[in-house]
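Visitor: can't give you the sequence, but here's the structure:
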């Protein structure tokens with residue numbers, strides 16, 4: 001692991017405030033559910049980290065970043081787990097400087113929705129690029145936070161540290177366990193789609209040797225994309241045409257294809273079979289309110305207030321999900337957890353303390369829209385970089401709006417047939 005240079009020693013406040021400003025909500029993958037609970041439970045950061053690094057590391061994806069500073073990271077996560085009840089209480093009682101939050105009584109607790117709809121985008125940049133804090137950054141932030149003692153300021157910092165650690169663990173889990181390479185850029189999607197077809201064509205032809213395909217039958221731009229994936233160098237190193245070597249290359253090519261496809265799918269539209277058109281201007285979606293069963297109309301009003309325009313609107317039809325016809329269902333998770341849509345179980349999961357924009361962003365995933373931000377992994381610097389577009393709700397749940405292009409995409413995917 002590279003030693004952090006001076007540029008990584010950013011001010012504590014900047015690192016801790018990153019989560020509230022730019023951290024994404026989660027669009028977890030389709031397919032089989034992961035081997036452990038996909039939600040990091042309150043007080044289970046260390047357990048998740050231990051499982052991830054002892055059992056779930058993909059040997060080809062693993063880098064020196066994933067085995068260095070393990071003891072310090074474990075101490076950080078243990079400290080956060082010990083403070084989990086206090087952090088959860090702090091989050092439940094937290095108030096923002098904007099409009100008073102809305103509350104819904106669910107069982108013996110309040111669901112709190114912070115009203116951030118009136119946020120005005122003050123950013124002048126069309127694209128916002130931010131380097132995410134790394135584990136060494138959080139380790140240093142922990143040392144500074146402990147010096148604050150038990151003050152309310154200290155608890156606020158511990159709360160933000162917990163959110164950042166949760167976010168980094170999720171990225172690492174997606175990269176190491178689920179095989180995301182975090183290398184595909186949104187503007188490269190058409191190029192990657194064509195490249196993926198070439199890989200699939202080679203795999204479907206038993207006589208195809210991947211080496212000449214990768215070195216000759218791809219463009220310079222395509223090879224730049226392939227070089228981000230570790231098997232590429234191994235597959236092109238040996239020029240031998242021995243059959244056993246070619247078969248080994250084909251096995252690696254299948255792995256490479258899966259990684260490229262998974263990164264591509266993460267940025268693709270996922271149609272929801274429960275969405276129909278009421279009219280040329282109105283989309284209708286059936287959902288299960290789950291724990292919000294007694295507040296269905298309030299929840300629908302909240303979502304409609306964001307997902308409507310002068311021309312377009314979305315209506316929600318509530319009904320109970322059944323195994324034969326599963327619907328997307330609202331679920332509540334621990335305070336401090338990350339809101340996300342989990343496709344294997346058709347779940348829209350939000351923390352007990354959420355924001356209006358985050359709820360609306362996740363509802364966009366239920367409609368089928370993908371995330372519009374980029375997350376790129378730099379194995380040499382051991383950190384993630386995120387690029388987002390602040391005016392796009394599906395790119396930034398902090399400042400974005402529902403754009404006309406969102407409606408146009410929905411119109412293409414769910415055409416109106418009178």
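Guide: Great, that's in hand. What you are looking at is a predicted structure, and each value in this text was computed from that prediction instead of being measured.
Visitor: Is residue 268 in contact with residue 368, as I believe?
Guide: No. Here residue 268 does not reach residue 368: they are 9.5 Å apart, not a contact under C-beta atoms under 8 Å. Any C-beta I mention is one placed from the backbone N, CA and C, and that applies to glycine too.
Visitor: more neighbours, these two?
Guide: residue 368 (17 against 11; other C-beta atoms under 10 Å).
Visitor: quick one, phi/psi of that one?
Guide: Dihedral pair for residue 368: phi 110, psi -10, per degrees, to the nearest 10.
Visitor: Tell me who's in contact with residue 165.
Guide: Taking C-beta atoms under 8 Å, 6 or more residues apart in numbering, we find residue 165 in contact with 45, 76, 77, 80, 138.
Visitor: ugh, typo on my part, it should be residue 292
Guide: 104, 106, 111, 298, 299, 330.
Visitor: Kindly recompute the last result at 7 Å.
Guide: With contact set as C-beta atoms under 7 Å, 6 or more residues apart in numbering, residue 292 has these partners: 104, 299, 330.
Visitor: Present the contacts of residue 165 as JSON lines; the columns should include pLDDT.
Guide: Output for the contacts of residue 165, formatted as JSON lines (pLDDT from 0 to 100):
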{"residue": "45", "pLDDT": "77"}
{"residue": "76", "pLDDT": "88"}
{"residue": "77", "pLDDT": "87"}
{"residue": "80", "pLDDT": "87"}
{"residue": "138", "pLDDT": "90"}
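Visitor: Just the closest of these to residue 325, please.
Guide: Of all these, residue 45 has the smallest distance to residue 325: 36.4 Å, by C-beta to C-beta.
Visitor: shouldn't that closest one be in contact with residue 79?
Guide: No. Look at residue 45 against residue 79 with C-beta atoms under 7 Å: they stay out of range, at 9.5 Å.
Visitor: Just the element for residue 387, please.
Guide: Taking DSSP states H and E as the criterion, residue 387 maps to strand 383-388.
Visitor: average model confidence for that strand?
Guide: What strand 383-388 shows for mean pLDDT is 86.
Visitor: ok, it: who's next to it in the sheet?
Guide: strand 128-131 (antiparallel), strand 374-378 (antiparallel) (DSSP bridges).
Visitor: Need the winner for burial among those.
Guide: Of all the strands paired with strand 383-388, strand 374-378 carries the top mean neighbour count, a mean of 19, counting by mean count of other C-beta atoms under 10 Å.
Visitor: domain ranges for the chain?
Guide: As assigned by automatic domain parsing, the chain contains the domains 6-96+132-176, 186-265, 275-413.
Visitor: For this structure, which helix extends over the most residues?
Guide: The single longest helix within the chain, with elements called by DSSP state H, is helix 152-176.
Visitor: in that one, what counts as buried?
Guide: By 16 or more other C-beta atoms under 10 Å, the buried positions in helix 152-176 come out as 154-176.
Visitor: okay, how far is it across stretch 206-223, tip to tip?
Guide: End-to-end span of stretch 206-223 (C-alpha to C-alpha, to the nearest Å): 22 Å.
Visitor: Likewise for stretch 313-330?
Guide: By C-alpha to C-alpha, one end of stretch 313-330 lies 20 Å from the other end.
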